[in-house]
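Visitor: Sequence first, then the predicted structure:
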Amino acid sequence: MKQFLTLLMALTLFIAPAAAQSPGPLRIEIDEGVIEPLPYAVPDFVADSGAGAEFGRNIARVIAADLSGTGLFRELPKEAFISQITSFSSPVQFADWKAINAQALIAGAVSVDSQGKLVVRFRVYDVFAGQELGQGQQLVGTQDGWRRIAHKIADQVYSRITGEGGYFDSRVVYVAESGPKDKRAKRLAIMDYDGANVKYLTDSAAIVLAPRFSPTGDRILYTSYETGEPRIYVLNIANVNRRVLETQAGTMSFAPRFGPDGQTVVYSQTQGGNTDLFAMNIASGSATRLTTTPSIETAPSFSPDGSQIVFESDRSGTPQLYIMSSGGGEARRISFGQGRYGTPVWSPRGDLVAFTKQSKGRFHIGVMRTDGSEERLLTASFLDEGPTWAPNGRVIMFTRETQGAAGKAGLYSVDISGRNLKPVTTESGASDPAWSPLQN
Amino acid sequence: MTYLSKTLLLCAGLALAACTNADRFGGANGGAGGAGSGAFEPGSAQDPKSPLYFQQTVGDRVLFQVDQSTLTPQAQVTLDGQAQWLTSNPEFNATIEGHADEQGTREYNVALGARRSNSVQEYLVSRGVAPNRLKVVSFGKERPIEICSEEACYAKNRRAVTVVSVVPVS
């Protein structure tokens, strides 16, 4: 097992601009309809020291995978380059990059300093304006952390060109699955958002379900059958210590989610066949009951400001989505389309709720506004479920399970526009992804 | 329930066991055992006090309609037999495991399975089984027994299974 990543990273201003930069014309408006991916070039980062060469190549490859993976950018192949970047400080030959229609150029340099730290500098150019886009920066980190440095640079490029927050320097916790459908082994795993650096957090002795990150990304809440029945656990990612959250004796508890304060946990508790929502202060262990109906209330999710909870309930006869105050009380239904709605997840931007919808024997991942309007289905398959939001609220990851006796679960991602549906590479079967916030 | 009717039911069960299992295993147990204990090895499926007998002859599971936790008349017959067996075998406790088919989201199915195991528990209690002998748990859609993605399999997966185990001596 790879040692847990300890990354010391300093983000420092590298070059002060000669004058205040005015926003260049280089821009992708993500909200516009059909997008022609923006052509860009990212030559291998120049090695300022002997040890930097391999890092220089690898970092450029990860940046390209991040950017092209969004579907918003298209990388120009090395073979097309007229100019090469051989020195980070030499002037850029804009005409050569214009000639191959590279609208953005990302140039960088890598060295290893006397303490063995990786030092990476980069600049983003708006080729057609013939100037830098934003300021050059320098990032310093451990050599092990080279992928994170690449993701941070890609986040910068993405932000500068789209005006949106990035999401590449993030992780995903999920349930790794193996074995046949009737004896499936499940264990918690964590990886970078792109599938790299997988680490297993539990063994597969007990079924585990639906992990969720804390708002700071340091802890994970999940459900485990360790004691034979579903109970809630909180796990510290750095040292992999876990403890059970003591809920009422003689009950089953599951579906735990953190509130934005990182202290409140909302969850489902079942007693006498009836499942209701409860909230607990994770430090004191004191719990409050939020719903009192005889129906099933589960799959809660806090609004980003913590004031409201969206959840799933079958109080109307079929599972539908409802929003109530985070203190409980009256709930208003927000799903009114045909079919069954479940697993609502509030977007980090606060504007949308992602959900699973079952209709006419198919499963969909969809989004709607928090008042239930503008419902849009983004996917359709035999079984899609459990959406989770990228930190910038632009991309959704979810579980897709294939049909039949040999059916397997895997992770997929899709833009909230419905474009760019693609599998996320994992070592084994995978389900129940939860996306972390952006790392620091 | 009188002693007589209980004995009759057990005998009926035994006869059935003999029918189904003797054929399967070539009647190897025929003739063994003393008078009154029946022709079986203790603990085997022919032993009316064995968990195997409970599983195979009494019937350890009941099935549910889509999204339902209501007991069908057929399920009630099976549960009458379970209650009878549990009353006659007080050295056993039971855990009732509720399950759902794969047509539903994961956490909702945990709650649905809990409704199903609870229906069974309530029925068994209404038929005289002490509540403190019964535990309920739900596995949602995590442990199907049939793995095809068709109604034939789904129907068998929407179930509540009563698992009996000897009460630990305290």
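Guide: Here it is on my side, so go on.
Visitor: what's the neighbour count on residue 128?
Guide: I went with chain A, as the question did not name one. Neighbours of A:Phe128 under the rule other C-beta atoms under 10 Å in any protein chain shown: 16. For every residue, glycine as well, the C-beta is placed using N, CA and C.
Visitor: Oops, wrong one, chain B.
Guide: 11.
Visitor: again, but for A:Phe278
Guide: By other C-beta under 10 Å, 22 other residues sit near A:Phe278.
Visitor: Are we agreed that A:Val119 is in a strand?
Guide: Yes: A:Val119 forms part of a strand when assessed by DSSP: H, G, I helix; E, B strand; the rest coil.
Visitor: Let me know the pLDDT of residue 170.
Guide: Let's take chain A. If you check A:Ser170, the pLDDT there is 98.
Visitor: Chain B was what I was after
Guide: 64.
Visitor: Repeat that for B:Val166.
Guide: For B:Val166, pLDDT reads 94.
Visitor: what residues are up against it?
Guide: The neighbours of B:Val166, taking C-beta atoms under 8 Å, 6 or more residues apart in numbering or on different chains as the test, are B:Glu91, B:Phe92, B:Asn93.
Visitor: please redo it, this time with the cut-off set to 6 Å
Guide: When contacts are counted by C-beta atoms under 6 Å, 6 or more residues apart in numbering or on different chains, B:Val166 touches B:Glu91.
Visitor: distance of B:Tyr108 from A:Gly393?
Guide: B:Tyr108 sits 25 Å away from A:Gly393, going by C-beta to C-beta, to the nearest Å.
Visitor: and these two? which has more neighbours close in?
Guide: B:Tyr108 (28 against 21).
Visitor: Chain B: helices as residue ranges?
Guide: Using DSSP state H, the helices found in chain B span residues B:3-25, B:51-53, B:73-88, B:106-126, B:151-157.
Visitor: Give the buried residues for the fourth one.
Guide: Looking back up the chat, that one is helix B:106-126. B:106-124 (16 or more other C-beta atoms under 10 Å in any protein chain shown).
Visitor: Then the shortest one?
Guide: Across helix B:51-53, burial judged by 16+ other C-beta under 10 Å covers B:Pro51, B:Tyr53.
Visitor: Kindly report the same for stretch B:127-144.
Guide: B:127, B:129, B:133-144.
Visitor: could these be laid out in a markdown table, adding pLDDT?
Guide: Formatted as a markdown table, the buried residues of stretch B:127-144 follow (pLDDT from 0 to 100):
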| residue | pLDDT |
| --- | --- |
| B:Arg127 | 98 |
| B:Val129 | 98 |
| B:Arg133 | 97 |
| B:Leu134 | 97 |
| B:Lys135 | 96 |
| B:Val136 | 97 |
| B:Val137 | 97 |
| B:Ser138 | 98 |
| B:Phe139 | 98 |
| B:Gly140 | 98 |
| B:Lys141 | 97 |
| B:Glu142 | 97 |
| B:Arg143 | 97 |
| B:Pro144 | 97 |
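Visitor: Of the residues you listed, which are in range of chain A?
Guide: Checking those against chain A by C-beta under 6 Å from any C-beta of the partner chain, the ones in range are B:Val137, B:Glu142, B:Pro144.
Visitor: separation between the spatially closest residue to the second one that is not a sequence neighbour and A:Thr223?
Guide: The shortest distance from B:Glu142 to any residue other than its chain neighbours is 5.3 Å, reached at A:Ile207 (C-beta to C-beta, 6 or more residues apart in numbering or on different chains). Distance of A:Ile207 to A:Thr223, given as C-beta to C-beta: 8 Å.
Visitor: more crowded one of these two?
Guide: Higher neighbour count among A:Ile207 and A:Thr223: A:Thr223, with 28 against 19, using other C-beta under 10 Å.
Visitor: Tell me where the model's unsure across the chain.
Guide: As the question left the chain open, I've gone with chain A. Flagging of chain A using pLDDT under 70 yields the residue ranges A:1-25, A:32-34.
Visitor: try chain B instead
Guide: B:1-38, B:170.
Visitor: Am I right that A:Asp182 falls within a helix?
Guide: Yes: assessed by three-state DSSP, A:Asp182 belongs to a helix.
Visitor: What is the burial count for the closest residue to A:Gln338 other than its chain neighbours?
Guide: Of all residues not flanking A:Gln338 in the chain, A:Ser359 sits nearest, at 5.9 Å (C-beta to C-beta, 6+ apart). Neighbour count for A:Ser359, taken as other C-beta under 10 Å: 15.
Visitor: same question, B:Ala160
Guide: If you count neighbours by other C-beta under 10 Å, B:Ala160 ends up with 28.
Visitor: ditto for A:Val234
Guide: 18.
Visitor: go on, A:Arg333?
Guide: 14.
Visitor: would you list every one of the helices in the stretch 1-150 of chain A?
Guide: Counting by DSSP state H, counting those that start in this stretch, the stretch 1-150 of chain A has helices at residues A:52-69, A:94-99, A:146-162.
Visitor: right, and A:Ala189 touches A:Thr202 too?
Guide: No: applying C-beta atoms under 6 Å, one finds A:Ala189 not in contact with A:Thr202, separated by 8.6 Å.
Visitor: Relative to A:Tyr40, how far out is A:Gln135?
Guide: Per C-beta to C-beta, A:Gln135 is found 18 Å from A:Tyr40.
Visitor: quick one, what contacts the closest residue to chain B within chain A?
Guide: Distances between chain A and chain B by C-beta to the nearest C-beta are smallest at A:Gly273, namely 2.7 Å. Contact analysis of A:Gly273 by C-beta under 6 Å, 6+ apart lists B:Ala114, B:Arg115, B:Asn118.
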